[in-house]
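A.B. asks: sharing a model prediction with you, sequence too.
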Amino acid sequence: MLSARKVGPTENHSEGRHIAAGSAKFTVALVGQPNVGKSVIMNLLTGAGAVVSNYPGTTVELTTGYLQTPYGDIAVIDTPGTYSLHSDTEEQKVAQRVLLESNVDLIVNVADARNLSRNLYLTLQLLDLGIPVVVALNQMDMAREAGMIVDVQALAEALQVPVIPMVASRGEGVDELKKLIADAARFPQSLAWCEVKPMRFSQEIENVISVLQSQLEAIIPEEDGKHRMHPSRALAIHLMEHDALDEDLFGIYPELEHFVEELQSKVANNQFLCNGCFRGCRFCPAADALHPVLPTCLERTRKAKEITNSVVRHIKQAGAASPRQHLERVLDYPPTGIPILAFIAYIAVKVTLAVLEFAEEFVPVVLGPLVGLVDSLADALPQGSLAEIIVRAIPEGILLPFEVVMPTMLSIYLIMALLEDSGLMPRIAVMMDRVMSLLNIPGQSIIPIVLGFGCRAPGVLATRTLPNRESRIVVSTLLAIPIPCAATLGIITGVAKAFDADLRVIYGAIAFVFLLLARLVGRYLGADTELILEIPPVRVPSVKAVASKAWMRMEGFFKQVLPVLMVTGIGVRILLDTGILSVLSRFDPFSARLFGISGQALVSVAVTVVQRYAAPMVLLNLPLTAREATIAASMISLSLPCIPVSYLIAKEFGWKTLAAVFGLAVCITLSTGLVLNLILPVV
Amino acid sequence: MTLLDTRPGDEVIISTARTGRGAMRRLWDLGLLPGTRVKNIASHPFKGPILLKVGEATVAVGRNLASRIYVTK
């Protein structure tokens, strides 16, 4: 993606299509803070055809779609919600990079009328980019409800961009927005508002900017057409403010790195002075810990406040609080909110489990004929041949994903979308924050952890709702090793019943490892569990939005999880039936001494790597004592993650993280066996 | 006093925050700037987070961070 340097403006355009694929000649980016109704507007603009994809190399979801106009299709990219363009979080980085790399022709800045000054901070940053901006001022109804009257005309004049008042949840203002976008696409040059006027800072800062700007223009040749993507003014401001984006920028413009270093050394030797600003930008000799807020950020905030004060009028709230406000008061008051939210979370888990149970009965009935067909085919093949084994393995590989994994994921995604869109999810996170902070993980982790008790794969995916990478890795490690998924619980209860194993020991071992891992991994990674989270208003979620959100996420299941599950299911069957794994029984003496179980039982532990469901197939066919069964079941419960989960961890966090998780899992499962063998009395 | 010393119902004005640049930016992102009037609308029990009304938005702040945000009545 970052090869933009080598291509001219036209090829650049096709690079941008990496994100917004297709034939559209005009690209619109929706940019806005979280909870401003951006995805609703996306839905209204592009309808059902939108596609969710991960931004290359990240876990941030990016939705792309097309707006149909009489003048041709217009590509619309919905960027992740971001409070500002400082690239501090993954979402912000992606939003930033989309704007830099995708050749966006028009930015639709969705803003929340109720929190105008905070939203205008982002708007002012967007104006620096030199791309035409339209402000979609959403949630006008809620602003009115809160006693605020926004003078839309005055706001448009202050920003010198069109402002469209909207109530997206009721579709108000959408036609105006569509018309404006179509106009911009049709007459890109001739519209006055397409000429963007960036915010002016105070003279002292402008002086610094202009010095930086002239230096930048000298090192970045204009013929690359890059000034269209990075106006030198925006670049200068970035350099004063940014830390995290530098790496990307330096990748595109290697000269920049030298430039920054040179300038900093000049400043250090008093050869370059910022004409007396001295308020702590990165080139400032006065920059230190006493200036945690950069001068440009400070002035931008002041400007945003100033504009807000001049365009928003507060009137006395008419009448009593609305039902929504009442509900929020009840939910946000801990004595009433906590029990209600706990009950909702309980229902969510119950529903998921009920769906799972229903699917386990229902899906085999539907797929039964297929299995029967395959069986008769297998009967026709010579017994014991590879062909027969493969033919028998296929229905297992198909049934399992559809029977267990797909229904769980579907219900989980529906429930997650419901909780997110209704504004309940962040409230549950706040409620759980204290409990979870004992484990060094943020409150939101409750969702992936609970999901993990169904199936860990969607649990790992659900860690995307966590605020930072470190926390995501901690929770994913917990999901990969100690948290027992439905399949693991099935093994445990099945084995316990068959051999009279001690369930207290097994669950005790799991709980112990869970607590130990949470504390240790969290501490090792230094996960930042500092909670600072916006609590959105409670809303009745739109059925359409929830359904499309859940459906778009399910696509990932069909494309990524399903093929992996099928292949591993078939692979396990082959390994078992061809007897390859029985070679391991040679380790009998070794295994019995160390772990107190037979080599064959150790095989079952190894089998869980590929497929948890396969473990009981091995274990239940062995003559085990209660003690052996207890040890084997504990080891299985704490062994390597299954392949789908391993795959997801590698995909989300990289192979190094996966290797670390594997290493940990091997250590844990072996030490569990060792320790239990030592402490459990031999009967 | 810090945000941690406020009780539900208290309205205070933020004066400073003693945090690093990263946490500071997140505070700024959510509008928790010096000079801003905020209202404590709930303190979760057992040292849980504090819910603040910032303008029309509600923001949850963990105790740890709250203890580093200085406020005046």
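C.D. replies: Arrived safely. Numbering: from 1, shown residues only, chains lettered A, B, ... in the order given.
A.B. asks: from now on I want contacts and neighbour counts done on CA atoms only, so please keep to that.
C.D. replies: Will do.
A.B. asks: neighbours around residue A:306, how many?
C.D. replies: Counted by other CA atoms under 10 Å in any protein chain shown, the residues lying close to residue A:306 total 12.
A.B. asks: which outside residues touch the helix or strand where it lies?
C.D. replies: In the assignment (DSSP states H and E), residue A:306 maps to helix A:295-311. Residues from elsewhere that reach helix A:295-311, judged by CA atoms under 8 Å, 6 or more residues apart in numbering or on different chains: A:116-118, A:120-121, A:124, A:150-152, A:154-155, A:158, A:201-202, A:205, A:237, A:241, A:279-281.
A.B. asks: buried subset of those residues?
C.D. replies: Neighbour counting with 16 or more other CA atoms under 10 Å in any protein chain shown marks A:116-118, A:120-121, A:124, A:150, A:152, A:155, A:205, A:237, A:241, A:279-281 as buried within the contacts of helix A:295-311.
A.B. asks: please parse chain A into its domains.
C.D. replies: When chain A is parsed into structural domains using automatic domain parsing, the resulting residue ranges are A:4-194, A:203-287, A:336-679.
A.B. asks: ranking those by mean pLDDT, which is last?
C.D. replies: When these are compared on mean pLDDT, domain A:203-287 scores lowest, with a mean of 69.
A.B. asks: out of the buried ones among the contacts of helix A:295-311, which touch chain B?
C.D. replies: With respect to chain B, and counting by CA under 8 Å from any CA of the partner chain, the subset of the buried ones among the contacts of helix A:295-311 in contact is residue A:118.
A.B. asks: closest one to chain B out of the buried ones among the contacts of helix A:295-311, please.
C.D. replies: residue A:118 (5.7 Å; CA to the nearest CA).
A.B. asks: tell me the secondary structure at that closest one.
C.D. replies: Following DSSP: H, G, I helix; E, B strand; the rest coil, residue A:118 is assigned to helix.
A.B. asks: tell me the buried residues in the helix or strand of chain B with the lowest mean pLDDT?
C.D. replies: Least confident element among the helices and strands of chain B, by mean pLDDT, DSSP states H and E: helix B:21-29 (a mean of 75). Judged by neighbour count using 16+ other CA under 10 Å, the buried positions of helix B:21-29 are B:23-29.
A.B. asks: mind putting these into TSV with distance to chain A?
C.D. replies: Shown next, in TSV, are the buried residues of helix B:21-29 (distance: CA to the nearest CA, whole Å):
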residue	distance to chain A
B:23	9
B:24	7
B:25	8
B:26	8
B:27	8
B:28	8
B:29	5
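A.B. asks: just the buried ones among the contacts of helix A:295-311: which are in helices?
C.D. replies: A:116-118, A:120-121, A:124, A:152, A:155, A:205, A:237, A:241 (DSSP state H).
A.B. asks: now the two most distant members of these.
C.D. replies: Farthest apart among these by CA to CA are A:152 and A:241. That separation is 30.4 Å.
A.B. asks: ok so, going back, nearest to residue A:678, of the buried ones among the contacts of helix A:295-311?
C.D. replies: Closest to residue A:678, out of all of the buried ones among the contacts of helix A:295-311 and judged by CA to CA, is residue A:241, at 58.4 Å.
A.B. asks: surely the closest one meets residue A:294?
C.D. replies: Yes. With contact defined as CA atoms under 8 Å, residue A:241 counts as touching residue A:294 (6.7 Å).
A.B. asks: re the thing from before, hey, C-alpha coordinates of the helix holding residue A:306 in CSV?
C.D. replies: This file holds the C-alpha atoms of helix A:295-311, laid out as CSV (Å, rounded to 0.1, in the frame of the first residue of the first chain):
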residue,chain,number,x,y,z
PRO,A,295,0.3,24.2,20.5
THR,A,296,-1.5,23.3,17.3
CYS,A,297,-3.9,20.9,19.1
LEU,A,298,-4.5,23.6,21.7
GLU,A,299,-5.4,26.2,19.1
ARG,A,300,-7.6,23.8,17.2
THR,A,301,-9.5,23.0,20.3
ARG,A,302,-10.0,26.7,21.1
LYS,A,303,-11.2,27.3,17.5
ALA,A,304,-13.7,24.4,17.8
LYS,A,305,-15.0,25.8,21.0
GLU,A,306,-15.2,29.3,19.6
ILE,A,307,-17.2,28.1,16.5
THR,A,308,-19.5,26.0,18.7
ASN,A,309,-20.3,28.9,21.1
SER,A,310,-21.2,31.1,18.1
VAL,A,311,-23.5,28.7,16.4
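A.B. asks: quick check: buried residues in it?
C.D. replies: Of the residues in helix A:295-311, A:295-297, A:299-301, A:303-305, A:307-308, A:311 count as buried by neighbour count, 16+ other CA under 10 Å.
A.B. asks: element containing residue A:511, please.
C.D. replies: helix A:503-525.
A.B. asks: for that helix, name the packing helices and strands.
C.D. replies: For helix A:503-525, the elements it packs on are helix A:469-480, helix A:486-499, helix A:626-637, judged by 3 or more CA pairs under 8 Å, 6 or more residues apart in numbering or on different chains; DSSP states H and E.
A.B. asks: what's the angle between the last one and helix A:486-499?
C.D. replies: Calculated by axes from the mean of the first three to the mean of the last three CA atoms, to 10 degrees, helix A:626-637 forms an angle of 170 degrees with helix A:486-499.
A.B. asks: output helix A:626-637 as PDB, nothing but the C-alphas.
C.D. replies: Output for helix A:626-637, consisting of C-alpha atoms alone and laid out as PDB, is shown next (Å, rounded to 0.1, in the frame of the first residue of the first chain):
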ATOM      1  CA  ALA A 626     -10.100 -42.600  37.300                       C
ATOM      2  CA  ARG A 627      -6.700 -41.000  38.100                       C
ATOM      3  CA  GLU A 628      -5.500 -41.400  34.500                       C
ATOM      4  CA  ALA A 629      -8.700 -39.900  33.100                       C
ATOM      5  CA  THR A 630      -8.500 -37.000  35.500                       C
ATOM      6  CA  ILE A 631      -4.900 -36.200  34.400                       C
ATOM      7  CA  ALA A 632      -5.600 -36.800  30.700                       C
ATOM      8  CA  ALA A 633      -8.700 -34.600  30.700                       C
ATOM      9  CA  SER A 634      -6.900 -31.800  32.600                       C
ATOM     10  CA  MET A 635      -4.000 -31.900  30.100                       C
ATOM     11  CA  ILE A 636      -6.400 -31.900  27.100                       C
ATOM     12  CA  SER A 637      -8.300 -28.900  28.600                       C
END
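A.B. asks: same for the very next helix or strand once past it, what does it pack against?
C.D. replies: Using DSSP H and E, the helix or strand that directly follows helix A:626-637 along the chain is helix A:643-653. Using 3+ CA pairs under 8 Å, 6+ apart as the contact criterion, the neighbours of helix A:643-653 among helices and strands are helix A:456-462, helix A:469-480, helix A:562-577, helix A:655-679.
A.B. asks: just checking the helix or strand encompassing residue A:357 against chain B, any contact.
C.D. replies: Secondary structure assigned from DSSP H and E places residue A:357 in helix A:334-380. Yes. When contact is scored as CA under 8 Å from any CA, part of helix A:334-380 falls within range of chain B: residue A:334.
A.B. asks: pull the contacting residues for residue A:628.
C.D. replies: A:501, A:596-597.
A.B. asks: closest one of those residues to chain B?
C.D. replies: Within the contacts of residue A:628, distances to chain B taken as CA to the nearest CA reach their minimum at residue A:501, with 38.4 Å.
A.B. asks: about what we covered before: what does the helix or strand just after the helix holding residue A:306 rub up against?
C.D. replies: Scanning the chain past helix A:295-311 towards its C-terminal end, the next helix or strand to appear is strand A:312-314 (assignment: DSSP H and E). Contact partners of strand A:312-314, identified using CA under 8 Å, 6+ apart, comprise A:147-151.
A.B. asks: try it again with 6 Å
C.D. replies: Contacting residues not belonging to strand A:312-314 are listed as A:147-150 [CA atoms under 6 Å, 6 or more residues apart in numbering or on different chains].
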